[in-house]
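Trainee: Need coordinates for the below:
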Amino acid sequence: MVEVADTGGHHANRQLSGRCNTFIQRYHYLGYQVTVGANLRYRVTAADGRELAYLVWGSEAWKTALRDRWIGWNEEQRRQRLHLIINNTRFLILPWVHSPNLASHVLGLMARIVPADWKQRFGYRPVLAETLVDSTRYTGHCYRTANWLNLGQTTGRSKWDRYNTLSVPKKDVWLYLLSKVPRSDLIGT
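Mentor: Sure, this is the predicted structure:
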């Protein structure tokens with residue numbers, strides 16, 4: 001079972017959202033960070049109610065060279081259509097859960113659920129999902145198994161690196177088309 005744990009104002013949702021934030025802070029290597037822009041949190045449970053995983057989907061990365069080249073848009077198209085991308089910012093399978101293929105199964109489920117939830121909550125349907133995977137920690141195998149496309153690695157710069165002095169881990173860029181329509185949905189042709 002998948003539950004939306006967003007901050008839509010309902011008391012139960014606020015409790016679930018807080019629980020999601022707590023688990024992410026405690027068990028995800030990046031911890032919890034206040035999200036900027038649109039975002040949805042999800043809790044995944046087994047049929048018997050046991051908690052299995054938490055995911056956070058948020059607004060797209062402002063610029064990712066590999067993604068932007070793959071889409072093929074110019075600067076104006078990017079500014080106009082960037083909102084059609086969502087980012088899987090956190091994916092946490094709880095550390096005591098051991099179930100083969102759970103991660104790729106959850107990602108497949110999310111690809112079917114998130115676009116409609118996003119449209120209901122924010123008024124538009126995303127057409128592309130992205131995520132960044134720290135390859136020094138993870139292989140990204142679950143994304144590959146769930147049919148995401150690996151575009152390669154980032155350059156190791158962050159959005160805060162205005163003067164090319166910061167060094168952050170290089171990350172693998174993974175994409176998943178949420179729409180059966182090809183990339184032209186993103187370009188706007």
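
Trainee: Going by C-alpha atoms from here, please, whenever you check contacts or count neighbours.
Mentor: OK.

Trainee: gap between the helix ranked longest in the chain and the chain center?
Mentor: Counting residues, the longest helix found in the chain (DSSP state H) is helix 102-122. With C-alpha atoms, centre = their mean, to the nearest Å as the basis, helix 102-122 stands 10 Å off its chain's centre.

Trainee: Now do the helix or strand that that helix is followed by: which elements does it pack against?
Mentor: The first helix or strand that comes after helix 102-122 along the chain, using DSSP states H and E, is strand 128-134. Secondary-structure packing of strand 128-134 (3 or more C-alpha pairs under 8 Å, 6 or more residues apart in numbering; DSSP states H and E): strand 85-93, strand 171-177.

Trainee: Same question for the longest helix of the chain: list its buried residues.
Mentor: By 16 or more other C-alpha atoms under 10 Å, the buried positions in helix 102-122 come out as 103, 104, 106, 107, 108, 110, 111, 114, 115, 118.

Trainee: can you check stretch 45-61 too?
Mentor: Residues of stretch 45-61 classed as buried by neighbour count (16+ other C-alpha under 10 Å): 51, 52, 53, 54, 55, 56, 57, 58, 59, 60, 61.

Trainee: quick one: which of the residues you listed is nearest to residue 93?
Mentor: Closest to residue 93 out of those is residue 53 (4.2 Å), distances taken as C-alpha to C-alpha.
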